[in-house]
Structures are given as C-alpha cells and as structure tokens.
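A.B. asks: Need the 3D shape of this:
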Amino acid sequence: MIDWIRRQSLSDSGNYSMKSPSKAEISLEQLQQHNTPKDAWLALRGQVYNVTDYISYHPGGVKEIMKGVGKDATALFNAIHRYVNFESILKGKQVGFFGPNRQISQSVEGSQLSSNPGTISGESHCCCFPILSIGCCEPKVQEYDDVLTPNTKFHEDNKFCFYQIDLKGYKYNQDYWTASILSKDILLLKVVTSPPDIWVAHYKLREALINDTIHITFTNRARTMTVKLEKPRQLSWKSLGEALPDSNLILDSRQSIEDMTPCTLVIKQEIAHDFYLMAFEVNPSARIGVPVGFDVKVTAVNSGISRRYTPVSLLFPKSEYQYKSSNEVLYFVIKIYPEGKMTQTLVNTPLNTTELLKIGYSSGNFNSDWLHGVDFYFLFAAGSGITPYLRILDYYKEHNIALGVSRVIIVHWSKEMKDIIWRTEFEEMQKKIKWFKFIPVLTQVADDDKSWEGLRGRISTTLLTEIIDKAKLAKKKKNQFRFMTCGPEGFNVAVCESLETSGYPLDSAFIFLG
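C.D. replies: Numbers count the residues shown, from 1 in each chain. Got it, this is the predicted structure:
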C-alpha cells in the first residue's frame with residue numbers, strides 16, 4: 001500500500017489539485033465490459049473506478065480484487081473492509097457514476113433549469129483534504145437506498161415563512177448544517193448525513209426577498225433545523241417555491257453545489273513567523289456549518305483566485321483574537337507565502353472592507369467517530385498542517401472523559417523556533433491538561449545549536465521511536481495507537497513509511513493532504 005501511496009504522490013508532481021471525476025453515467029452493461037486485469041472497472045457506493053493500475057498494489061492480492069471487477073462491488077467491499085476510504089485510495093481513478101442519479105425521492109414540485117447561483121462543482125480540494133483514511137473513520141457505510149429521507153415541513157404566518165428539516169440519525173450537531181440565501185431568491189440547505197455525503201434542499205423561492213437575513217434555530221439535539229425567512233409582502237406563499245432538479249439528493253460534499261456568500265476580513269493577527277490568525281465575518285444571508293476535519297473555500301472576488309482552508313477553534317482566546325458579532329465568524333490559521341497569490345491577497349486585504357471576499361462550500365470526509373476507540377492518538381503536522389488539529393483538540397477538551405482517550409499528542413514539525421505556532425500556549429496547556437502533550441520538532445537547526453533542546457530532524461523510523469519514547473508510551477501495545485498526519489504529500493508518505501517499518505498497521509492512520 002505504501003508503494004501505491006508513493007506512486008499517487010509522485011503522479012501529482014507536487015500539485016495539490018486532483019483531477020475532477022467524470023460525471024458520466026455508467027450502465028451495468030458498460031461496467032461488465034471492463035472485467036479483466038488489464039482493463040478493470042468496478043463500482044463502489046454509486047461511483048465507478050478504473051482500478052487497472054491499482055490491482056497489483058491491492059493488499060489482498062489480484063485474485064481478491066478481481067472478485068469485484070466488472071460489477072457493483074459495494075456489498076463485497078463492505079463485507080470485507082467497509083471502513084477503508086476507497087475514494088482517497090483511488091484518487092483520480094473515478095470514471096463516472098453507476099446507474100441513475102442518487103436521487104432519494106422526487107421533488108415536491110416541478111423543476112426548473114436556470115442560471116441560478118449554486119452549481120454542481122467538481123473542484124478538487126487542496127488544504128487538509130484527507131487523501132487516505134484507513135481505519136474506523138466511518139462507523140457505518142450505507143447503501144444509498146438505505147438512507148433515511150429527512151422529514152420536511154413548511155408553514156407561514158403573515159410576515160414570515162418557516163421550513164423545518166427533521167433528521168432521524170443517531171447523532172448530529174450544529175456544525176453539520178449549512179443554510180444560504182443566494183441572490184435573494186435561492187435557498188440552499190445542506191446537512192452532513194455520513195461524511196462525505198450530504199443531503200441537499202435547493203429551492204427557487206416564491207418571491208425574491210428584500211431582507212435576505214437567514215434565521216436558524218436548532219431543536220431535538222440538532223436533529224431538527226428550522227429556517228425562518230421574512231416575506232417581501234404579506235401574501236400567502238403556500239410553499240417555499242420551486243424545487244430545483246438537484247434538490248432532495250444525496251451528494252458528495254466535495255463535488256456538491258457551491259454556496260459562496262460574501263464575507264468580511266475582520267481580524268488579521270500575526271501569531272508566528274509568516275503565520276496569521278484571520279477571522280472572516282459571514283454575511284447574514286448564510287450560516288456555514290463546518291464539521292471537525294472539514295474545510296471551506298475562500299475566494300477573492302476581483303481576481304477569482306480561490307483556496308481551501310480549515311477553520312480553527314480559538315483554543316487560546318486572547319482579546320485581540322476575538323471579534324464580537326451577531327453574524328457567524330470563522331477563524332483560520334493561514335501561512336503567508338511570498339509568491340502565493342491567494343495568501344498575498346489576504347494579507348493585503350484591508351480589514352472591515354466588504355465585497356472583496358466570498359466564503360462557503362464546506363466539505364470533507366472526516367468523521368469524528370474516528371477520534372475514539374483506542375487509548376493513544378498521535379497528531380503529526382508539518383507547518384500549517386496543524387490547523388485541523390486545533391478543532392480536534394477542542395473536540396477532545398469537550399468530550400475526553402466520555403471518549404475514554406488516555407493521551408493526545410501533537411507532534412509539530414517547523415523549520416526554526418520562530419515558526420512554531422503558539423509554542424508557549426501549547427506548553428502551558430500541557431501543564432494543565434494531563435492527557436495532552438505537545439512535541440515540537442525542528443528541521444533546520446544546527447546539531448551544535450544548544451539553544452534548542454528539543455527533537456530535531458525529518459520524520460524517520462529513528463525519530464518516530466524518539467517521539468514515542470518522549471511521550472513515555474514505548475511499552476504500550478501497537479493496537480492501542482492511532483495516528484493522523486497532515487502536511488505535504490512527501491511528509492505524509494514518510495510518516496506512513498516510518499509507521500509501517502516500525503510495525504504499526506496502516507489501518508491505524510488517517511492522512512490529510514496539507
């Protein structure tokens with residue numbers, strides 16, 4: 001498997017973008033024609049992949065994977081290793097979708113094709129997007145026809161209309177829900193059902209709104225969301241309006257409908273060398289839900305340049321880091337690159353200036369259920385790869401006792417001491433929280449530099465042993481560990497190689513692309 005990951009990494013040639021999958025519909029008859037080792041296609045969860053190149057790398061051998069070639073292999077796959085994230089392993093190999101669209105019920109009204117805001121996107125993700133997640137990152141893999149359709153209800157009074165969505169799942173939180181008014185006449189709702197999948201409601205409203213502020217309330221432990229909209233006139237709507245063709249669908253969040261909304265940069269605070277904490281105030285016409293491990297898209301309006309960033313929790317809430325607003329505010333830790341068009345745009349954007357930036361399109365495939373189940377978690381990060389761990393750490397602070405996790409260790413690689421993000425704050429935090437440890441590692445410090453007493457060097461089997469020794473966990477059984485890594489692909493591959501060489505199974509690793 002490591003050889004396959006390395007091959008995938010080399011094929012990207014340092015480019016973090018991924019080839020957008022084809023939206024072609026593949027019939028069973030077409031699929032059956034590709035059933036040999038030299039021409040092998042298979043379908044998994046409604047997606048069709050060309051696995052010809054992958055066959056010889058399959059850990060179970062050619063004979064086993066050929067059992068699923070030329071057919072829908074979903075049931076076979078789920079029976080053997082349903083927790084493996086095949087989408088990441090087969091990155092760039094999707095050739096289309098299997099059979100009819102994954103619509104789970106007919107739209108309640110006629111549909112209309114128009115040039116409306118909110119179009120299907122096949123955009124690739126670039127920052128902290130999981131490229132491989134082997135392990136229990138998905139507690140259940142469901143066939144699409146087993147998905148429970150949400151209950152929806154419309155009602156109104158003279159001034160407002162209300163749209164309620166009720167989910168039947170076993171657990172939800174407010175981060176799973178996104179709601180947007182686009183161009184004053186389009187309502188787009190998304191809710192994460194089972195990462196990376198989302199359920200979508202997409203409507204052209206009965207009338208364009210004058211006040212497009214969206215009001216959201218949650219009940220029933222965030223299983224129910226109610227949207228309140230102010231009608232432009234005191235007339236009866238009787239319904240929201242016209243359901244668009246992509247409404248009431250289960251979609252992959254990473255290839256779903258874009259819902260970009262205006263935002264304002266309100267905080268820009270340097271926290272380490274070339275690292276800034278930035279805060280974006282979201283327009284009141286939207287509420288962006290971002291589950292742990294997901295990211296969002298930020299676009300510079302004038303240039304059209306976009307980049308995906310992972311929101312962070314304010315673990316160290318200094319007054320200069322906080323912005324009080326009745327609107328939603330999302331925080332990010334962003335590394336500024338001298339030649340980076342997007343980061344240079346952000347660092348030069350004046351504070352509190354409207355109409356320059358847009359934000360939205362929350363997506364990802366990480367499931368927080370993977371954050372419990374073993375005793376010890378190592379979170380490896382290179383540079384800005386630490387960003388997803390800030391929310392994960394906040395998640396552990398909130399749930400640690402219930403999760404039963406004994407130790408969470410962040411290992412952060414930086415070039416020099418000036419590059420370490422919140423070093424003092426992390427070191428103070430580990431003094432107060434017994435289950436947390438922070439281990440910084442430097443890669444560009446001279447061997448004879450006595451000002452640095454910590455670990456140094458790039459990831460290797462030897463350094464991995466030192467890290468585990470430093471965490472005082474050397475005598476623990478290997479099945480008590482899970483690992484996450486986020487950084488450039490070369491870093492992620494090196495981590496995997498070190499883990500495998502040291503005897504840790506790769507099904508204990510979750511890898512993000514930084």
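
A.B. asks: didn't residue 347 look like it was pressed against residue 336?
C.D. replies: Yes - with contacts counted by C-beta atoms under 8 Å, residue 347 reaches residue 336, the gap being 5.2 Å. C-beta: built from backbone N, CA, C; applies to glycine.

A.B. asks: list residues touching both of the two?
C.D. replies: Common neighbours of residue 347 and residue 336 are listed as residue 276 (criterion: C-beta atoms under 8 Å, 6 or more residues apart in numbering).

A.B. asks: Any buried residues in stretch 504-514, and which?
C.D. replies: 504, 506, 507, 508, 509, 510, 511, 512, 513, 514 (16 or more other C-beta atoms under 10 Å).

A.B. asks: Quick one: low-confidence residue ranges for the stretch 1-150 of the chain.
C.D. replies: Where the stretch 1-150 of the chain drops to pLDDT under 70, the residues are 1-2, 4-23, 78-85, 88, 100-148.

A.B. asks: where in the protein is pLDDT low?
C.D. replies: Low-confidence segments of the chain, defined by pLDDT under 70, are located at 1-2, 4-23, 78-85, 88, 100-148, 169-170, 401, 513-514.

A.B. asks: So the nearest residue to residue 426 once chain neighbours are set aside: helix, strand or coil?
C.D. replies: Counting by C-beta to C-beta, 6 or more residues apart in numbering, residue 438 is the residue found nearest to residue 426 once chain neighbours are left out, at 3.9 Å. Following DSSP: H, G, I helix; E, B strand; the rest coil, residue 438 is assigned to strand.

A.B. asks: for residue 438, what are its contacts?
C.D. replies: Contacts of residue 438 were listed using C-beta under 8 Å, 6+ apart, and they are 409, 410, 412, 423, 426, 427, 429, 430.

A.B. asks: how many other residues sit next to residue 338?
C.D. replies: Look at residue 338: counted by other C-beta atoms under 10 Å, it has 7 neighbours.

A.B. asks: Each with direction, which strands does the strand or helix carrying residue 277 pair with?
C.D. replies: With the criterion set as DSSP states H and E, the secondary-structure element containing residue 277 is strand 275-282. Based on DSSP bridges, the strands next to strand 275-282 in the sheet, each with its direction, are strand 261-272 (antiparallel), strand 329-335 (antiparallel).

A.B. asks: For those strands, state which one has the densest average packing.
C.D. replies: Across the strands paired with strand 275-282, the average number of neighbours (mean count of other C-beta atoms under 10 Å) peaks for strand 329-335, which reaches a mean of 20.

A.B. asks: Could I get the strands paired with strand 275-282 in CSV, plus columns for distance to residue 53?
C.D. replies: Shown next, in CSV, are the strands paired with strand 275-282 (distance: least, C-beta to C-beta, whole Å):
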stretch, distance to residue 53
strand 261-272, 40
strand 329-335, 33
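
A.B. asks: For residue 365, find the nearest of these.
C.D. replies: Closest to residue 365 of those, according to C-beta to C-beta: strand 329-335, at 19.8 Å.

A.B. asks: Give me the helices and strands touching the helix or strand following that closest one, please.
C.D. replies: Toward the C-terminus, strand 329-335 is succeeded by helix 341-347 as the next helix or strand (DSSP H and E). Under the contact definition 3 or more C-beta pairs under 8 Å, 6 or more residues apart in numbering; DSSP states H and E, helix 341-347 sits against strand 261-272, strand 275-282, strand 295-300, strand 306-309, strand 329-335.

A.B. asks: can you do 7 Å?
C.D. replies: For helix 341-347, the contact count by 3 or more C-beta pairs under 7 Å, 6 or more residues apart in numbering; DSSP states H and E identifies strand 329-335 as packing neighbours.

A.B. asks: Can you name the residues that contact residue 87?
C.D. replies: Contacts were defined as C-beta atoms under 7 Å, 6 or more residues apart in numbering; by that measure residue 87 touches residue 365.

A.B. asks: Please identify the helix or strand for it.
C.D. replies: With the criterion set as DSSP H and E, the secondary-structure element containing residue 87 is helix 86-89.
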